[in-house]
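Undergrad: I'll drop the sequence and a predicted model, then ask my questions.
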Amino acid sequence: MKEIVVISGKGGTGKTSLTASFAYLGGEDVIVADCDVDAADMHLLLEPDFEEKEDFYSGELAYIKQDQCIRCGKCAKVCRYDAILTIHNVFTVDSLSCEGCGYCARICPTNAIINRKPIAGTWYISNIKTGSIMVHAKLGIGADNSGKLVAKVKAEAKEIAEDEFKDYVIVDGSPGIGCPVVSSLSGASFVVIVTEPSVSGLHDLKRVYELIQKFKIKAGCLINKSDINPKLTEEIETFLRIENIEHIANLPYDEDFTKAMTNGQTIVEYSNGHLKEMIDKSWNKIKQLVTNN
């Protein structure tokens, strides 16, 4: 079983649309993991049924047991995050401000404060329209530890793939180079970088490839909307050659991407033209690169 991670240095490159298209082309051979947990949206294209659901607990938050609180106010005085609020002489914890450091609990004279693991998000196992399975998640509002939630989604997807003897796990990673991306890259067989010919696209491509190198993972690159700026496309191609990154394809700008999303479809379902053929060839090339890796 091979794990293919699709990432981008920045948002808006078409990463999720292409990942969903690859998942559709892979059909029953592919287990899908939506690891863009901060802005999960693959469900809009793959029609999951949310068959299994489980809360994800992570981190710590302070909790005040009101029956033991004597309203001394010591906790509020020592909290450097201003997370202890007083409402009608009742002390409560602002979950968005609390860092879970535990100092308030240590100075409480009546042991009225404890730390609890909060719900940081929810993860799902769904049947999708390709005849396969998708593991996906949603990070709670203001919740941290997105990297741990990504690790949970990936672990579940890989376990399903191994149990069902699937060929591939395809991962839709977060844009950027933060903790969720690091978690997405861990254990990957091959990385597909989706970029665009813009100044920020080239800059962020270089940043994300620098991160990939630390994992020593082979990478390929898709240049999406390659015809909107031929000069920058050429600069990206030069960078790929210098860094020995596999140049998978140049995809043209096409409004069918937007139309497909509006219609709740992947681009390979919506379009029967040249773009569909190019994405199909890109998927076959990625599979070949993964096999030879």
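TA: Cool, the structure landed.

Undergrad: help me confirm that residue 115 is found in a strand?
TA: Yes - under DSSP: H, G, I helix; E, B strand; the rest coil, residue 115 sits within a strand.

Undergrad: tell me what it is bridged to.
TA: residue 62 (DSSP bridges).

Undergrad: if I pick it, what's in contact with it?
TA: Listed by C-beta atoms under 8 Å, 6 or more residues apart in numbering, the contact set of residue 115 reads 60, 61, 62, 63, 100, 102, 105. Quick note: C-beta positions are derived from backbone N, CA and C, even for glycine.

Undergrad: what about the residue lying closest to the last one once chain neighbours are set aside, neighbour count?
TA: Put plainly, it is residue 105. Closest residue in space to residue 105, ignoring its immediate chain neighbours: residue 113 at 4.1 Å, by C-beta to C-beta, 6 or more residues apart in numbering. Other residues within reach of residue 113, judged by other C-beta atoms under 10 Å, total 23.

Undergrad: let's see the ChimeraX selection covering just the buried ones among the contacts of residue 115.
TA: The ChimeraX command for the buried members of those (criterion: 16 or more other C-beta atoms under 10 Å) is given here:
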select :60,61,62,63,100,105
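
Undergrad: mind giving me JSON lines with the contacts of residue 115 and columns for distance to residue 18 and pLDDT?
TA: Converted to JSON lines, those look like this (distance: C-beta to C-beta, whole Å; pLDDT from 0 to 100):
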{"residue": "60", "distance to residue 18": "38", "pLDDT": "90"}
{"residue": "61", "distance to residue 18": "38", "pLDDT": "93"}
{"residue": "62", "distance to residue 18": "43", "pLDDT": "96"}
{"residue": "63", "distance to residue 18": "43", "pLDDT": "96"}
{"residue": "100", "distance to residue 18": "38", "pLDDT": "92"}
{"residue": "102", "distance to residue 18": "44", "pLDDT": "94"}
{"residue": "105", "distance to residue 18": "48", "pLDDT": "95"}
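
Undergrad: now, which of the contacts of residue 115 sits nearest residue 239?
TA: Distance ranking of the contacts of residue 115 against residue 239, using C-beta to C-beta, places residue 100 first at 41.8 Å.
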